[in-house]
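Enquirer: quick one, fold the following:
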Amino acid sequence: NTAGNTLFNDTVNIAQLTTDAAGTVQINAASVTTSGTQTYNDALTLLSNTTLTSTGAAAAGNISFNSTIGGAKTLTVNTAGNTLFNGNVNIAQLTTDAPGAVQINATTVATTGTQTYNDALTLLSNTTLSSTGAAAAGNITFNNTVDGAKTLTVNTAGNTTFNARVGNTAALMSLTTDAAGTTNVNGLSVKTIAAQTYNDDVVLGAHALFSSVGDAVAVPAVAAGNISFNKTLTGAFNVDVNTAGTTLFNDTVNIAQLTTDGAGTVQINAATVTTSGTQTYNDALTLLNNTTLSSTGAAAAGNITFNNTVDGAKTLTVNTAGNTIFNGRVGNTAALMSLTTDAAGTTNVNGLSVKTIAGQTYNDDVVVGANALFSSVGDAGALPAAIPAGDIAFKKTLTGAFNVDVNTAGNTLFNDTVNIAQLT
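Expert: Take a look at the predicted model:
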């Protein structure tokens, strides 16, 4: 206990260590080892790369930092108890071992090198974890679960790697990553109460469920948030996105399978969404960019299904040897610019209407599962020039026991057998 400086200039191996809140602590030792707790109540400065270890079981092994930690050195904390960071951390490198747990009650944990959390981490405060390290020297890795109803921001030009579930027992409030670096999701699920914003490339190392669940009992209630992939989303695994907010794909998607839930909306601002399996859009979809959706899956494994409306004055191309299925109106509130399907597979129109500004070209067989109106309406007010209504071309068969109306000032082409209930 002192309001001055407490200096540990060499190895410490004792039963228990406690410093008071007044003054400061400096550690110039390679190791501080206790069989019981370590409690640093005053600000701690590392003068040497240091490993703090407790061999105590459960709470008898707790290592608590109740003030700040500074110093351009590495810190390793090994204990089967709880490691608590109760003040801001600004050091060279931080590593915790796999036994025990980590709690972060600090607003910032900043390193010039890596951060590696090998044990389960719980947020007690809205926290920003950051590294200024370049490439692998900036990696921030979570090798165990991350929980706590707080906001987590991770800023690094290295890899942000989640090797276990995020929001496993307690959903985070929100998760945000910065534009530099890459986020690796290997832990099966990421659950938040509010938003998830991935400003860097996201790479899947396992099937992943991204969900925002809201909190109806909070005061005030918290609505489910947007889930935004602002750069690429890649990896040979399935992705499910569940939120009553907006799901945004802002860049190229190339994964195994994509499914969105019925609540909320989907926006696609990417030029391509490619899967080796199915794509299923259960919520309303809006195109923000000219987009090609494609699947390389065979037969049903290549199905691309729209179970709700599709809108947006952009071109939509759908390429698959499976079924392209429209179960909701296309161009419901905002006509598409154009719609094109490839020659392989089948297009099923069950959603009553398909409306475009310009052309519609169905290169595969079209099967109507309900009375259907196909229309091209043009855009007289478009700039720099008006857009005339386009051609509507059925390049293969048109079948189904339902009525078909085709309305366009362009050409309507029936290029193969037609077998339907009524044609107008």
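Enquirer: where does pLDDT dip in the stretch 251-400 of the chain?
Expert: Within the stretch 251-400 of the chain, no stretch has pLDDT under 70.
Enquirer: please tell me how far residue 297 sits from residue 282.
Expert: Going from residue 297 to residue 282 by Cβ to Cβ, to the nearest Å gives 18 Å. All C-beta atoms are positioned from the backbone trio N, CA, C, and that covers glycine.
Enquirer: could you do residue 245 as well?
Expert: 14 Å.
Enquirer: which element is residue 25 on?
Expert: Using DSSP states H and E, residue 25 sits within strand 24-27.
Enquirer: off-centre distance for that strand?
Expert: Distance of strand 24-27 from its chain centroid, counting by Cα atoms, centre = their mean, to the nearest Å, is 40 Å.
Enquirer: quick one: mean pLDDT over whichever helix or strand comes after it.
Expert: On the C-terminal side of strand 24-27, the closest following helix or strand by DSSP H and E is strand 31-34. Average pLDDT, strand 31-34: 98.
Enquirer: stretch 103-110 now?
Expert: In this model, stretch 103-110 has a mean pLDDT of 98.
Enquirer: shouldn't residue 90 be in contact with residue 112?
Expert: No: contact between residue 90 and residue 112 fails when scored by Cβ atoms under 8 Å: they sit 9.0 Å apart.
Enquirer: so what does the strand holding residue 25 touch, helix or strand wise?
Expert: Judged by 3 or more Cβ pairs under 8 Å, 6 or more residues apart in numbering; DSSP states H and E, the packing partners of strand 24-27 are strand 5-8, strand 43-46.
Enquirer: out of those strands, which is the most enclosed?
Expert: Most buried of the helices and strands packed on strand 24-27, by mean neighbour count (mean count of other Cβ atoms under 10 Å): strand 43-46, with a mean of 20.
Enquirer: could you say what helices and strands that one packs with?
Expert: Judged by 3+ Cβ pairs under 8 Å, 6+ apart, strand 43-46 is in contact with strand 24-27, strand 69-79.
Enquirer: what does that strand contact?
Expert: Here strand 43-46 makes contact (Cβ atoms under 8 Å, 6 or more residues apart in numbering) with 24-27, 65, 67-75, 87, 91.
Enquirer: what's near enough to touch residue 404?
Expert: Contacts of residue 404 by Cβ under 8 Å, 6+ apart are 368, 371, 372, 373, 374, 398, 420, 421, 422, 423, 424.
Enquirer: just those: which are in strands?
Expert: 368, 372, 373, 374, 398, 420, 421, 422, 423 (DSSP state E).
Enquirer: show me the two of these that sit farthest apart.
Expert: Spatially, the most separated pair among these is 374 and 421, at 14.8 Å (Cβ to Cβ).
Enquirer: would you mind telling me which of those two has the busier surroundings?
Expert: residue 374 (24 against 11; other Cβ atoms under 10 Å).
Enquirer: that one touches residue 406, doesn't it?
Expert: Yes: using Cβ under 8 Å, residue 374 is in contact with residue 406, at 4.9 Å.
Enquirer: and for these two, which residues touch both?
Expert: Common contacts of residue 374 and residue 406 (Cβ under 8 Å, 6+ apart): residue 392.
Enquirer: residue 101: how many residues sit nearby?
Expert: So residue 101, with other Cβ under 10 Å, has 20 neighbours.
Enquirer: same question for residue 271.
Expert: 12.
Enquirer: for it, give me its contacts.
Expert: Contacts of residue 271 (Cβ under 8 Å, 6+ apart): 252, 289, 290, 291, 292.
Enquirer: hmm, which two among these are most spread apart?
Expert: Farthest apart among the contacts of residue 271 - using Cβ to Cβ - are 252 and 290, which lie 13.3 Å from each other.
Enquirer: coming back round to it: and of the helices and strands packed on strand 43-46, who's closest to residue 201?
Expert: Residue 201 sits nearest to strand 69-79 of all the helices and strands packed on strand 43-46, at 28.0 Å, using Cβ to Cβ.
Enquirer: name the helices or strands packed onto that closest one?
Expert: When contacts are defined as 3+ Cβ pairs under 8 Å, 6+ apart, strand 69-79 sits against strand 43-46, strand 50-54, strand 89-96.
Enquirer: after that strand comes which helix or strand?
Expert: Following strand 69-79 in sequence, per DSSP H and E, is strand 82-85.
Enquirer: within its sheet, name the partner strands of that next one and how each one runs.
Expert: Paired with strand 82-85 in the same sheet, following DSSP bridges, are strand 63-65 (parallel), strand 101-104 (parallel).
Enquirer: of all the ones you listed, which one comes closest to residue 315?
Expert: Across these, closest to residue 315 is strand 101-104 (Cβ to Cβ), at 46.7 Å.
Enquirer: before we move on, the earlier item: export the ones in strands among the contacts of residue 404 to CSV and append columns for distance to residue 302.
Expert: Output for the ones in strands among the contacts of residue 404, formatted as CSV (distance: Cβ to Cβ, whole Å):
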residue, distance to residue 302
368, 21
372, 23
373, 27
374, 24
398, 21
420, 25
421, 29
422, 31
423, 29
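Enquirer: wait, which of those is closest to residue 413?
Expert: Once Cβ to Cβ is applied, the member of the ones in strands among the contacts of residue 404 that ends up nearest residue 413 is residue 398, at 10.6 Å.
Enquirer: surely the closest one and residue 420 touch.
Expert: Yes: using Cβ under 8 Å, residue 398 is in contact with residue 420, at 6.3 Å.
Enquirer: the helices in the stretch 101-250 of the chain, which residues?
Expert: With helices called from DSSP state H, counting those that start in this stretch, the stretch 101-250 of the chain shows none.
Enquirer: show me where pLDDT drops low in it?
Expert: In the stretch 101-250 of the chain there are no weaker segments when pLDDT under 70 is taken as the threshold.
Enquirer: which residue is the nearest non-sequential neighbour of residue 123?
Expert: Distances taken as Cβ to Cβ, 6 or more residues apart in numbering place residue 148 nearest to residue 123, at 3.3 Å, with adjacent residues excluded.
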